[in-house]
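1. need a 3D model of the sequence below.
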Amino acid sequence: MTDTLMPAAEAWFESQCWDVFAFQREAWEAFDAGASGLIHSPTGSGKTLAAWMGPLCRLGMQTGGLRVLWITP
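-> As a prediction, this is how the structure comes out:
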């Protein structure tokens, strides 16, 4: 991720009182580099945010802001 994107993602995690896991950072960096892959991690470990945060942050930066209503079961 760009120098301004990673701190923003980490700040969002901190605002939720969550820790960023190494595999999440790796997924964001891979996305930013244009790579694709598979995220394998136990249920409830943060895979969805690992997969979504890179694209969401990039879109948010391109559009000047982004709001998402995320409803899950």
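2. three-state assignment of the residue nearest the centre of the chain?
-> Residue closest to the mean C-alpha point of the chain, counted by Cα atoms, centre = their mean, is M53 at 2.0 Å. Put simply, M53 is helix when judged by DSSP: H, G, I helix; E, B strand; the rest coil.
3. how far is the helix or strand hosting Q24 from where the chain is centred?
-> Q24 belongs to helix 22-32 when assigned by DSSP states H and E. Between the centre of helix 22-32 and the centre of its chain there are 8 Å (Cα atoms, centre = their mean, to the nearest Å).
4. just stretch 11-30 next, same as before
-> That offset, for stretch 11-30, works out to 6 Å (Cα atoms, centre = their mean).
5. CA atoms of the helix holding Q24 as CSV?
-> Taking Å, rounded to 0.1, in the frame of the first residue of the first chain, the C-alpha atoms of helix 22-32 are listed here in CSV:
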residue,chain,number,x,y,z
ALA,A,22,0.9,-9.9,10.0
PHE,A,23,-1.1,-12.0,7.4
GLN,A,24,-3.5,-9.0,7.0
ARG,A,25,-0.6,-6.6,6.2
GLU,A,26,0.8,-9.2,3.9
ALA,A,27,-2.5,-9.5,2.0
TRP,A,28,-2.7,-5.7,1.7
GLU,A,29,0.8,-5.4,0.4
ALA,A,30,0.2,-8.2,-2.1
PHE,A,31,-3.0,-6.5,-3.3
ASP,A,32,-1.2,-3.2,-3.7
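6. and the residue nearest to the centre of the chain, what does it touch?
-> A9, Q24, A27, W28 (Cβ atoms under 8 Å, 6 or more residues apart in numbering). Where you see a C-beta, it was placed from the backbone N, CA and C, and this is true even at glycine.
7. which PyMOL command selects the buried ones in these?
-> This is the PyMOL syntax for the buried subset of the contacts of M53, where burial follows 16 or more other Cβ atoms under 10 Å:
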select buried, resi 9+24+27+28
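8. okay if I get the contacts of M53 as a markdown table plus distance to W70?
-> Listed next are the contacts of M53 as a markdown table, based on distance: Cβ to Cβ, whole Å:
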| residue | distance to W70 |
| --- | --- |
| A9 | 16 |
| Q24 | 16 |
| A27 | 18 |
| W28 | 18 |
